Each structure stands twice: as C-alpha cells, then as structure tokens.
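# Sequence isn't available, so here's the structure alone:
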C-alpha cells in the first residue's frame, strides 16, 4: 500500500465545505445534555483559508451581524463542548479547554474556533 504524499487543496476544501453546510450549533455538557440549542448557522458563519504551515482551514462561528452574541442559555450546567450539526447529525465537536458554568438565566457570546486539515506528511 502506498502512502499519500500530496493531497490537493481542492480535496481539503471539499472536506471543509461539508463542515460549512452545518446549519445549527449547540452547546452541551460532557454527556451531551443541551445547554444552548438551536443556534442557526449559515455560510456567513464560516471563513475558509489556507492553513498556517500548509493544508487548509475553516474558521467556525464567525459572527455575522452579531448573531453569535447574547445567546440565551436554556438549561443550567457546565458547558464542555460546542457541536455543529446538519439535519440533526453532529459533524464537528469542539471541546472547551475548561468547563464553563452557565445558568438558565444567562446569555453567552460564542467565540470562533478553527478546524484545520493538514497536508499529508
């Protein structure tokens, strides 16, 4: 079996494009209990670019018209992950470096995170 040494940016871009079709985000605890659900996403919430050091990347949860700000928490708990979904299927899970305690009366601002696909080595 041969090792892949070159992978076209077109292939990497196509993989990232699948992520960019996610139309919903949610914030969950480690056991997937939803704390914030139903955050609507569209193409304005993603930015694709060349990755530093090669490969490709997309920045997720880019704030388009402040839509990632002042989002109401629906259930109290400790936020551990942000998930991106399409038609109810999770395509990306970003794990927070430390849990964030939230109350059902809180509002939160979601920051961006980057999905990187490196060139093969």
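Yep, it's here. On a predicted model such as this, the values are computed, not experimentally measured, just so you know. Numbering: from 1, shown residues only.
# My guess is residue 114 contacts residue 59. True?
Yes - counting by C-beta atoms under 8 Å, residue 114 sits close enough to residue 59 to count as a contact (5.2 Å). Every C-beta, even on glycine, is put in place using the N, C-alpha and C of the backbone.
# list the helices and strands the longest strand seen in the chain packs on?
Of all the segments of type strand in the chain, defined by DSSP state E, the longest one is strand 89-102. Applying 3 or more C-beta pairs under 8 Å, 6 or more residues apart in numbering; DSSP states H and E, one finds that strand 89-102 makes contact with helix 9-19, strand 77-86.
# weakest of these by average pLDDT?
Per-stretch mean pLDDT for these is lowest at helix 9-19 (a mean of 92).
# which helices and strands does that one pack with?
Contacts of helix 9-19 with other secondary structure elements, assessed using 3+ C-beta pairs under 8 Å, 6+ apart, are made with strand 46-50, strand 56-60, strand 89-102, strand 113-117.
# Turn those into TSV, including distance to residue 25, mean pLDDT and mean neighbour count.
Compiled in TSV, the helices and strands packed on helix 9-19 are given as follows (distance: least, C-beta to C-beta, whole Å; pLDDT from 0 to 100; neighbours: other C-beta atoms under 10 Å):
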stretch	distance to residue 25	mean pLDDT	mean neighbour count
strand 46-50	11	90	15
strand 56-60	8	94	20
strand 89-102	9	94	13
strand 113-117	11	93	16
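# closest one to residue 39 among those strands?
The stretch from the helices and strands packed on helix 9-19 with the least distance to residue 39 (C-beta to C-beta) is strand 56-60; that distance is 11.5 Å.
# just checking, what packs against that closest one?
Here strand 56-60 is seen to pack against helix 9-19, strand 46-50, strand 113-117 when contacts are counted using 3+ C-beta pairs under 8 Å, 6+ apart.
# What is the helix or strand just after that strand packed up against?
Scanning forward in sequence from strand 56-60 by DSSP states H and E, the next helix or strand is strand 71-72. Taking 3+ C-beta pairs under 8 Å, 6+ apart as the contact definition, the neighbouring helices and strands of strand 71-72 are strand 34-40, strand 107-108.
# which residue sits closest to residue 92, ignoring its sequence neighbours?
residue 84 (4.2 Å; C-beta to C-beta, 6 or more residues apart in numbering).
# Perfect, that will be all.
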